[in-house]
Every structure is written in C-alpha cells, then in structure tokens.
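Enquirer: I'll drop the sequence and a predicted model, then ask my questions.
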Amino acid sequence: MSMRGSVGDRVFAATARDGHLRSGRILALRHPDGSPPYVVRWDDSNQSTVWFPRGQGEPVRDVWPAAPTDGTRRRMKSWRVDVELVEDGTETTALALLHEDDDGTVVVAEGHSQRNPHDTDVPEIGDELAVSRALTLLATTLARTIDVTISDVEHRKVHVPGAASSVDLR
C-alpha cells in the first residue's frame, strides 16, 4: 500500500543527520491522489518545505496536539523498544529493551513461553506469547516506577490509576 496524505494531516520525520524527530502538518499536495511529496510546515521552525518521505512512515490524522502558539517550544522525545527472541526447543524467551531518549537509560523485561511437547509446533505462537509477556512486564515496570517516583516527590504513597499492580508472567 502506498502512502497517501491529505491537507491537514500530521507528519513525523526523523532527520538523517541525528535522528531528531520533527513533526509538521501537510499544507499542500503535489499530486491529486495524495501521493508524496508534500508541502509541510514544520512545528520546530514554522518553515514550509517540500517533504519527500523516504520510508519514514505514513501521514497521520491529528494524533498529537498542534504545536504551542504561545512561543514555547514543544519538546519531542524518541524512545525505542527492541525485542530479541531466543527459541530453544519447546521454550521461547523474549527480551524487551526500552531505550529512553539519549540519556542511556535502558529498562529490560523478560517474557517466557513453553510449548507442551504434545502440541503442534507453531513457533509464532511461542514468539507472540513470550513477546506479549515481556512487553506487559515492561509496561508494569514503568507503571510501578511512576508510582515510586511520584511518591518520592510528594513524600507520601501514591498509586496512579491504570498502573498494573500484579501480572502473572509465567
């Protein structure tokens, strides 16, 4: 499926030089079918350029709020999650590694799955189960970290609603 955009769609692009994430809005189309390139006004500079997306993603419709108009600058961050899988017979282990921005912080979570030896061997099932468990644990770890961090700042016990309190990841 080829990329199609519309006037008003939001776009996000990582710069080739340093991977900085830029956001902008499509102002005009060069082709009536919505195919690239697009004329985009970038939020960080308020300048308009012709943008040729090179595998950088699809235009999205209003996922992020518009850039501030009060002169403040929006701070964009990019976190990356890598997932590594190891299959060993009937067992699969997944490691989910969250790389937070450029500060070097890495949060690691591990998930496991084990196929019953009598079941049909479908590796994708074990992969998906192990990955889902690793990502669930990663999310739970982040949620618990939020509670601890806010509790430390507030000098009282805090629980943020929606943060998972217990998950069975066996």
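Expert: In hand now; what should we look at?

Enquirer: So the residue sitting furthest away from the middle of the chain: helix, strand or coil?
Expert: Most distant from the centre of the chain: residue 118, at 37.0 Å, with distances by C-alpha atoms, centre = their mean. Here residue 118 is recorded as coil under DSSP: H, G, I helix; E, B strand; the rest coil.

Enquirer: Please report how far it lies from residue 45.
Expert: Computed as C-beta to C-beta, to the nearest Å, the residue 118 to residue 45 distance reads 61 Å. In short, each C-beta sits where N, CA and C put it, glycine included.

Enquirer: In the protein, where is pLDDT below threshold?
Expert: 1-2, 14-20, 55-68, 73-76, 102, 162-170 (pLDDT under 70).

Enquirer: Make sure residue 140 is indeed in a strand.
Expert: No. Going by three-state DSSP, the assignment for residue 140 is helix, not a strand.

Enquirer: Any idea how many residues pack against it?
Expert: Residues within reach of residue 140, counting by other C-beta atoms under 10 Å, total 17.

Enquirer: quick thing: my sequence starts at 20, can you match it?
Expert: Happy to do that; since the first residue is 20 now, the last one works out to residue 159.

Enquirer: And it, how far from residue 91?
Expert: Applying C-beta to C-beta to residue 159 and residue 91 gives a distance of 33 Å.
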